[in-house]
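Enquirer: Need a 3D model of the sequence below.
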Amino acid sequence: MRLWHEELLSRLPRQQLLGQHRECCALRGNGWGKPHSTVNYVFLYSPYKLFQYHMEVMHEMKKRGYKPAEEWETPFYRGKSCEAYKEIEVIQQTSPIYPEHDEQYKKECLANLLSKGIEMDSF
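Expert: Next comes the predicted model:
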C-alpha cells in the first residue's frame, strides 16, 4: 500500500494509476483505520482528506478515458460492503493534500517506481 506523491499522479503508468484507485477505495472502505506502515499517516486526518486525494486520482483517470464509479465522488461513500458516513468533517484542500507528501516523500516514491523498472524524470 502506498499513496503516490500527488505531483506524480499525472505521470504514473496505467497499472500504478489504476492500482492507486483500488488503494483509495480500500482505504476509504473497510481498510480505514487498519494499520499499514506506508499509509498510517492518513488516519491522523479526517477521511475527507483521503476523499480529496482520491478525487485527484479519479480526475487523472477520467483524463485518460477511464470511468470510475460515480459513487466514489461523494465523500460519504465507502464502498458496497461498508456503511456510508452519516457525517464527515469537511476541510479545505491544501497543497499538498497530505503534509507528509513533501519533497523527500516524492524522492522516495520516484525511487520506489525506479525499483519497479519505471523511470521518471525528476521534477
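
Enquirer: pretty sure residue 106 contacts residue 11?
Expert: No - when contacts are counted by Cβ atoms under 8 Å, residue 106 is not listed as touching residue 11 (11.5 Å). All C-beta atoms are positioned from the backbone trio N, CA, C, and that covers glycine.

Enquirer: Looking at those two, which is more packed in?
Expert: Legend: neighbour count by other Cβ atoms under 10 Å for residue 106 and residue 11, higher for residue 106 (18 against 15).

Enquirer: Just the CA atoms of the strand or helix carrying that one, as PDB, please.
Expert: Residue 106 belongs to helix 103-115 when elements are defined using DSSP states H and E. This file holds the C-alpha atoms of helix 103-115, laid out as PDB (Å, rounded to 0.1, in the frame of the first residue of the first chain):
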ATOM      1  CA  GLU A 103      10.000  16.700  -1.400                       C
ATOM      2  CA  GLN A 104      11.600  13.800   0.500                       C
ATOM      3  CA  TYR A 105       8.500  11.700   0.100                       C
ATOM      4  CA  LYS A 106       8.400  12.500  -3.700                       C
ATOM      5  CA  LYS A 107      12.000  11.200  -3.900                       C
ATOM      6  CA  GLU A 108      11.100   8.000  -2.100                       C
ATOM      7  CA  CYS A 109       8.200   7.500  -4.500                       C
ATOM      8  CA  LEU A 110      10.400   8.000  -7.500                       C
ATOM      9  CA  ALA A 111      13.000   5.500  -6.100                       C
ATOM     10  CA  ASN A 112      10.100   3.100  -5.500                       C
ATOM     11  CA  LEU A 113       9.000   3.400  -9.100                       C
ATOM     12  CA  LEU A 114      12.500   3.000 -10.300                       C
ATOM     13  CA  SER A 115      12.900  -0.200  -8.300                       C
END
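
Enquirer: I'm done for today, thanks for sticking with me.
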